[in-house]
Each structure stands twice: as C-alpha cells, then as structure tokens.
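Asker: 3D, please:
(chains A and B)
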Amino acid sequence: MAVAGTDIVTRIAELSDDAFAAFCEDIAGMFGVEMRCERRQMQTLPVRGLRDHFKKLVVVHLSKADGALDGTFHLVFDQGGLFVLSGVIVMLPETRIIEEAKRGSIEDATNLQDAAREVGNLLVGSWDRIFREECPGHQHFVKTSTFIGKPWDKPEQIELQANTEVAVVLYEMAIEPYPPFTCAAVFPTALLDRFGQAKPPAEPAPPEAPNKPQDAVPAKPVEPSAPVVAQKPAGPAAPPKPAEPVISQKPTEPVAPAASGSPAPDSPGKVQAGEKPATARIEAKAVPPQTPQPAAAKDGDIPSSAPADLANGSNGVISPGRRSPSIDVGLLPSELATVEGGVAPRPAGLSFLDSAYIQSVPQPGLAEVLSQRASDIMEKDVVWAGPEETVQDVIAKMQQHNVGYVLIGVNGVLEGLVSNSNILGAVSLYLRPMFAKWRRPQDDATLGVKVKWIMSRPVRTVRPDATLAGMIESMRRCGGRCLPVVDAKGAVQGMVTVFDILLRILESDKSMSWQGRPPQAPPLMI
Amino acid sequence: MGKSLMIVDDSATMRKIIMRTVRMSGLEFERTEEAGSGVEALEKLKTGPVDVVLCDINMPEMNGTEMVKQARQLPTCASTKIIMVSTESAEDLIKQVMADGADGYITKPFTPEKFQEKLTPLLN
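Answerer: Below is the predicted model of the structure:
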C-alpha cells in the first residue's frame, strides 16, 4: 500500500487551507456573504471510512490535476454544504436553505444541480489559482464532474474503490447566518506518492480543447444502475430521476501551465503556508462596494470611469394564489368588421375619448396618428411559447425579450395569450423578493404550472389595416392591452400593445422627445 | 438611448448570477437578453444589434472563441462590445479570444465593482 510521506501530506494540507480560504473569499466577494473555513482534521483512511464523516447526501466535485499533482482528487461537501452553497448562489430564501440543509432530499438536490455544478466550477477555479501561485510544477486543474448523492456504497461512482487509501483534510465551513457544514479535500495516497514528480509542462492546450467535454473527460463505462449522468444539455433538460444520485459533467476551463506571474497579495484571515496551526481558521467577508478605481490591466483592456446610477426595479403586489381577473382580449375574428369597417378615423375613432380631451387644443398630427394602421406600428418580432411550457419557461422568455405578452400556440396557430398580468396572477405571492423569507416549495411549484391553464383565450385580434383609433376603441371596450395582428388566413403578423399606441400618440407632439422602451417583463423569480 | 446587454452562458445559474451582479453594479441596461449557447447567441445577434455581450468561453456546442469569430462577421455586430467572462487561469484562451475579436474580459470570481469597472466605459 502506498503511503505518502508526512511532509507531502502536510504540504498538501497547507495548500488545501489556502485553496479553501481563496474559495471563501471568492464566494464572499461575489455574493456579499460572510464565510469562514477552519481545518478540523487531517487523516489517512480507506474510502469507506468517509461514510463516518459524510452520512447523508453529499456533493463531490471530481478534479483532474496535471503537473505536480497528477491525477484525480475529490472535493466533498456534506448535505449542509450542498444546500447552503447552492442555495446562496441562486439566492434561495434563508428558511428554505436551512430546511433543506437539514432535511433536503435527493429531489431537492436535483433541483439545485446546476447551482451545485457552478459552485464546483468556482471551487476548482479557486484551487487552481492557489496551486498556480504556491505549488511549483503545477499545471492545471479541470473539474471533470459533479456527483450528488450517497456514493459510499458504490464509490466507483466517483472513481474510487472502497478500500483505496486516501488522505483526507477535513474542514468546517460556514456562511452566515447558516449552520456550519463539513467539507473535505480527498487525495488518494497513491496520488500523493507521485506529488512533485511533475511531468515537463505540456504545450499550452489549443483553445478548442476546453470546450470539448468529451475530450477532457475520459469516457467511463456506466453500470445500468449507475447514477444519472446529466451532461450539459443543448436544449431543455430532461426530467430528473429523483431517486438516484446525479452526476453532471462539464470540465472547467483548462488553465495555463504554472504562470510566472507575481503572486496575489495576501488576504486578511488567510492561513499562510508554512504556518500551519493545529486548526487553521479562514475567514472571508464581503467587501462593501467601492468607487471603482482606474482600470487595472490585470483583467482586461477597458479603462474605467464613473459609476452609473443604481438600477432598481419592483412591481406591484398581487394576491396570492389567485388568477388575475383581467383577461387580455381584443377583437374576436367575428368582430373584426366593426373595427376594420370603421375606417372613418375621426368620428368613429375618437368617439370614445373623454369629451374634455376632445375639447382641449388638439395636438397637431394626432388625427393623422390615429389613422395609422396596425401594420405600421405593430411589433413584428413576437414571442411564442407552447401550451405545454411552464410559467417559468414563459417568464424566462419574457425576461429575455423584455416583453409583457407571449403568444401561445403550436406551429404558428394562435391558441392563447399570456400577459404579465396572467403570470403575476398565477404564481405565488411568496415568490416575490420582498416575501422571499416565507417562500416554501409549494410556492415554487406554481412556476411549474403549464401556461395552457393560465393563458387568456380566446384571443382578440385585429387585421393589419385596422386603424390605431379602432384598436384603442377595442382595448377600451374589451379591456385588453394587447392585440395580435393577423392576416386574412389567421397567420400572426405582429402585435400591437398599449405601449406602442401611447408611444405613437406621444410622438405626435413634436415638442417631445420620447425614446426607449420601458421594462415590460415580469420580475425575476428564481 | 438605452443600452442593450446579452449574456451568453450554457449555465442558467451562471446567467442569473451574472445578471444579478450586473444589476448590483448599478449599471442600467434598457434591454437584456440571454442565450444558452453560442449558436443561440449568433441567431439573436443576427436579428439586431446588441451593445454589450458578456460571453462565457467554455460552452458546449459552440465555444466562446468561435462565437466571437462568427459574431465579428455579422454586420449587426460591427459596434458590439464583446466581453468574455472566464476563469482567471484561462490565460491562453483569453489571449486567443482577444485576438479573435473580443473587446475585453472579466475573470471569475467577479464582483459588482468589477463589472462596473469594465462595463461603464462601454456604456458611455
């Protein structure tokens, strides 16, 4: 049995201290949290002995090392670490993180696998940076996969054997205000035996290399009962298999061979190599925002300048768990004639306007504006979703395209329409950031409702030659704020919203300058 | 005129993190959109100009370097600022992608201040 020298194990433990400290600093800086890490133990034991330290769910990040450390090592977090770290980076409510850290299931963990994978990427990035700075001969680390589950019955799932001897450096890590959790760096002693016997640095990898996960991760046979392997999906993710552990694979970016650059300045609270205390304590706090300094050459070539104003955004409060009573309706096809026929713009089109407004000094060109056609003002790039898509899918589309309305249908056949109001009426009040503290899993479930159950139907539409005045009348009469524009065959040509109409009216006053488009999508709900 | 921003990353979580960090930086974009791959980003970029693109390097299907190369061929991207978001250690990749037409890079771990520092000049 290979037994790594004590000095090597000690050196690796010191590097682990610094690497976890760097990770704490990185997370603290990115997410504005206070985070600390303290080494608890360092021991050598067979893999099956890890069960004593990690009894429940774990997340294991497999990292392939090249250079001084040459092989695969493991970074393991217990259930608390899995849910706290993943929950923090996606800003889950505090109560939910605490609850799942105690009693979270594999299903809960599966929901967070993308977040767990990103935690692993950041973690291995921190480790790689420290090793490049402090470990001569280091080339690079690549995170080859992330495992979520209980691996100890079949450690082959994480590329280990039950009786393989490993050196384990155990830590207690904590992010305020959550309970501390356990994590560990696990190195096969055979790997440490080769420590420092570095191969000559290889030529830098070609740029394409890191983007081919199948190249970076040697294919391994997977037993039929092996965990789910969730590769980075190109399209929508397949439904998870809750009862099984999850392995997701996406290598981190390979890194340059050990750089000769100057080391980073020491950070407060960082445990220094060579000063190993009985227990190493590492703390990191979020640094308050500061006025940006002139651009440093380190991260790019863009000079700095003054900060911009703080952006903010909020929306009105909605009633929990209720459908919005408002339904977006325009004209039914059978009613199109009333709009299209009423082409005489002034008398028919303006008859609905408040008499006081009519009697006021008319804006020059307003009548001309009100006679504009739908085809002149419609937004041609409309956003579609399928009826089987979820509320969350549609919210994502609204946010991506900054629209307040999404057409629902298949193959261009209009079946319904979902508005911002429909969305806000369908999802739980507790998904709103101001109520995040009370957010429960059943609130998240409202994001999974299929849009066919909440969409407005039938959809009132207008023809391309409908006048703006006619469309205003339609909206006033039927209460909708959005009218899809369809041709004689029913094919959607575009969409006119109340915003488009208001903009045209405002533009009719030449003394005003009116540019831009206000936010229209619903708020972010993670 | 308000600026537009596109975030390109195959991880939905990372896209949200980047979006949140941009917002925390105090930068204002009139329009923001996301793309889950280089291919999707190019399709969107073909339809109209975007002022700033924040793009991951390591993505399946089409990586960030290839996306930059192809984006630079698009007439709609003539004035688009493309900023790569990557790990600090991918130095060779960063050099390569800068040579391919990227305008700058932001390394992970990033902070709101870092985004502010890098993006403010582009918005002015």
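
Asker: for the helix or strand containing A:Gly29, name the packing helices and strands.
Answerer: If you go by DSSP states H and E, A:Gly29 is part of helix A:6-31. Counting contacts by 3 or more C-beta pairs under 8 Å, 6 or more residues apart in numbering or on different chains; DSSP states H and E, helix A:6-31 packs against strand A:35-46, helix A:79-89, helix A:113-134, strand A:165-175, strand A:181-188, helix A:189-193, strand A:281-284. C-beta: built from backbone N, CA, C; applies to glycine.

Asker: that helix: which residues count as buried?
Answerer: Residues of helix A:6-31 classed as buried by neighbour count (16 or more other C-beta atoms under 10 Å in any protein chain shown): A:8-9, A:11-31.

Asker: before we move on, what about stretch A:489-496?
Answerer: A:Val492, A:Gln493, A:Gly494, A:Met495, A:Val496.

Asker: ok, now stretch B:59-73?
Answerer: By neighbour count on 16+ other C-beta under 10 Å, the buried set for stretch B:59-73 is B:Met59, B:Pro60, B:Met62, B:Asn63, B:Gly64, B:Thr65, B:Glu66, B:Met67, B:Val68, B:Lys69, B:Gln70, B:Ala71.

Asker: do stretch A:49-60 as well
Answerer: Within stretch A:49-60, the residues scored as buried using 16+ other C-beta under 10 Å are A:Gly49, A:Leu50, A:His53, A:Phe54, A:Leu57, A:Val58, A:Val59, A:Val60.

Asker: now do it: distance from first to last residue.
Answerer: Stretch A:49-60 has an end-to-end distance of 16 Å (criterion: C-alpha to C-alpha, to the nearest Å).

Asker: centre of the chain to the lowest-mean-pLDDT helix or strand in chain B, how far?
Answerer: Lowest by mean pLDDT, DSSP states H and E among the helices and strands of chain B is helix B:91-99, with a mean of 81. Here helix B:91-99 is found 14 Å from its chain centre; the criterion is C-alpha atoms, centre = their mean, to the nearest Å.

Asker: against which helices or strands is it packed?
Answerer: Helix B:91-99 packs on helix B:64-71, strand B:81-87, strand B:104-108, going by 3+ C-beta pairs under 8 Å, 6+ apart.

Asker: ok, so what distance separates the nearest residue to A:Gln493 once chain neighbours are set aside from chain B?
Answerer: Distances taken as C-beta to C-beta, 6 or more residues apart in numbering or on different chains place A:Val485 nearest to A:Gln493, at 4.8 Å, with adjacent residues excluded. From A:Val485 across to chain B, the span is 19 Å (C-beta to the nearest C-beta, to the nearest Å).

Asker: helix, strand, or coil at A:Val485?
Answerer: What DSSP: H, G, I helix; E, B strand; the rest coil gives for A:Val485 is strand.

Asker: enumerate every residue touching the residue nearest the centre of chain B.
Answerer: Geometric centre of chain B, nearest residue: B:Leu54, 1.3 Å, by C-alpha atoms, centre = their mean. Shown in contact with B:Leu54 (C-beta atoms under 8 Å, 6 or more residues apart in numbering or on different chains): B:Leu5, B:Met6, B:Ile7, B:Val8, B:Ile18, B:Val22, B:Ile83, B:Val85, B:Ile106.

Asker: B:Phe115 too?
Answerer: Contacts for B:Phe115 (C-beta under 8 Å, 6+ apart) come out as B:Thr21, B:Val22, B:Ser25, B:Leu27, B:Ile106.

Asker: which PyMOL command selects the buried ones in these?
Answerer: In PyMOL, a selection of the buried entries from these looks like this (16+ other C-beta under 10 Å):
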select buried, chain B and resi 21+22+25+27+106
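
Asker: near chain A, which of the contacts of B:Phe115 show up?
Answerer: The residues of these that also fall near chain A, by C-beta under 8 Å from any C-beta of the partner chain, are B:Thr21, B:Ser25, B:Leu27, B:Ile106.

Asker: ok, which pair from the residues you listed is furthest apart?
Answerer: The distance between the two most remote of these (C-beta to C-beta) is 12.5 Å, for B:Leu27 and B:Ile106.

Asker: quick check: phi and psi on A:Asn163?
Answerer: phi -100, psi 10 (degrees, to the nearest 10).

Asker: how close does it get to chain B?
Answerer: Relative to chain B, A:Asn163 is positioned 34 Å away (C-beta to the nearest C-beta).

Asker: re the thing from before, which ones among the contacts of B:Phe115 map onto helices?
Answerer: By the criterion of DSSP state H, membership of the contacts of B:Phe115 in helices covers B:Thr21, B:Val22.

Asker: which of the contacts of B:Phe115 sit farthest apart?
Answerer: It's B:Leu27 and B:Ile106 that sit farthest apart of these, by C-beta to C-beta, at 12.5 Å.

Asker: re earlier: so which of the buried residues of stretch A:489-496 are in strands?
Answerer: A:Val492, A:Gln493, A:Gly494, A:Met495, A:Val496 (DSSP state E).

Asker: look at the second one and report its pLDDT.
Answerer: It refers to A:Gln493. Model confidence at A:Gln493, given as pLDDT, is 93.

Asker: can I get the helices and strands packed on helix B:91-99 in CSV with mean pLDDT?
Answerer: Output for the helices and strands packed on helix B:91-99, formatted as CSV (pLDDT from 0 to 100):
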stretch, mean pLDDT
helix B:64-71, 92
strand B:81-87, 90
strand B:104-108, 89
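
Asker: could I get the ones you listed as JSON lines with distance to A:Asn411?
Answerer: Output for the helices and strands packed on helix B:91-99, formatted as JSON lines (distance: least, C-beta to C-beta, whole Å):
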{"stretch": "helix B:64-71", "distance to A:Asn411": "29"}
{"stretch": "strand B:81-87", "distance to A:Asn411": "35"}
{"stretch": "strand B:104-108", "distance to A:Asn411": "41"}
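
Asker: quick one: closest of these to A:Leu506.
Answerer: Nearest to A:Leu506 among the helices and strands packed on helix B:91-99 is strand B:81-87; the distance by C-beta to C-beta comes to 30.7 Å.
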